[in-house]
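# Kindly return the folded structure for what I paste below:
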Amino acid sequence: LRESFCTCSVHDAQPHVVFATSTNGSVRIFDTREALTWHGSRPKTFVNPDRAEDGEYSAVTCHLSSIAVSPSGNYMIGRDVMSLVLWDLRKQGVVTTGSGGPTGGLPVCRWPLHPELGAHFENLYNTELLFDRFSAVFSSSGHVHTGSMDGGFISFDPVASSSGHSTVVPAAEGAVPVGD
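Numbering: from 1, shown residues only. Reported below is the predicted structural model:
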């Protein structure tokens, strides 16, 4: 098995547009008004590239467990186990693979969520925690919300802040939100 689809989402304003994530870290955008065949069909594709710092586990860590489209329809956010990834849907998303890997459909920004866990990939893999699925959603205001491995809640505006300034609500009862 080389690849399988994991998550599907429908565009809110255009219900005929479907976003499908696959095990190789890519997102394909289909228009269901067209034929849904792989033969001769070229869906718009965006890639969540492997991260060198993830080493031999990069094929697992680039897998997207959630995909969401911004209220404006201009951006798409993806959630993998270690980060949030932002693509600009107005840019061309065709992937061409050469000796250097994908050259199109790349993210415009990535926000690491758990960089401290990088040294523990082997243990996380053996306990299957690298396979946990997290959702990411856009609110009507354009903010992104997702959970974290420690049971906390992360919320931020990815478009207004290239640094991804976020508010973290820890899992501990009675904890106070902390800004970066």
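# center of this structure - which residue?
By C-alpha atoms, centre = their mean, the mean C-alpha position of the chain lies nearest to Gly78, the distance being 1.8 Å.
# how about that one, what does it touch?
If a contact means C-beta atoms under 8 Å, 6 or more residues apart in numbering, then Gly78 has 21, 27, 48, 64, 66-67, 84-87, 107, 136 as its contacts. For every residue, glycine as well, the C-beta is placed using N, CA and C.
# are any of those buried, and which?
Taking 16 or more other C-beta atoms under 10 Å as the criterion, what is buried in those is 21, 27, 48, 64, 66-67, 84-87, 107, 136.
# Which residue ranges of this structure form helices?
In the chain, the helices defined using DSSP state H lie at 58-61, 121-126.
# Nearest to Gly151, out of the ones you listed?
Gly151 lies closest to helix 121-126 among the helices of the chain, at 15.7 Å (C-beta to C-beta).
# quick one: that closest one to chain centroid distance?
Distance of helix 121-126 from the chain centroid (C-alpha atoms, centre = their mean, to the nearest Å) equals 21 Å.
# How about it, which residues are buried there?
Here helix 121-126 shows 121, 124 as buried, counting by 16+ other C-beta under 10 Å.
# With stretch 8-25 instead?
For stretch 8-25, burial by neighbour count (16+ other C-beta under 10 Å) applies to 9, 11, 17-25.
# Please produce a markdown table containing those residues, extended by pLDDT and distance to Pro115.
Formatted as a markdown table, the buried residues of stretch 8-25 follow (pLDDT from 0 to 100; distance: C-beta to C-beta, whole Å):
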| residue | pLDDT | distance to Pro115 |
| --- | --- | --- |
| Ser9 | 83 | 27 |
| His11 | 80 | 32 |
| Val17 | 86 | 33 |
| Val18 | 87 | 33 |
| Phe19 | 89 | 27 |
| Ala20 | 88 | 29 |
| Thr21 | 87 | 23 |
| Ser22 | 82 | 25 |
| Thr23 | 79 | 24 |
| Asn24 | 81 | 23 |
| Gly25 | 84 | 19 |
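# Among the residues you listed, name the ones in strands.
Mapping the buried residues of stretch 8-25 onto strands (DSSP state E) picks out 9, 17-22.
# Closest to Gly118 out of those residues?
The closest of these to Gly118 turns out to be Thr21 (C-beta to C-beta; 22.6 Å).
# does the closest one have beta-bridge partners, and which?
Thr7, Val27 (DSSP bridges).
# Show me which helix or strand of the protein is least confident by mean pLDDT.
In the chain, no helix or strand scores lower on mean pLDDT, DSSP states H and E than strand 178-179, which sits at a mean of 40.
# Would you format the buried ones among the contacts of Gly78 as TSV with distance to Leu113 included?
TSV is the format used below for those (distance: C-beta to C-beta, whole Å):
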residue	distance to Leu113
Thr21	17
Val27	18
Asn48	14
Leu64	13
Ser66	13
Ile67	16
Leu84	7
Val85	11
Leu86	13
Trp87	17
Pro107	14
Ala136	10
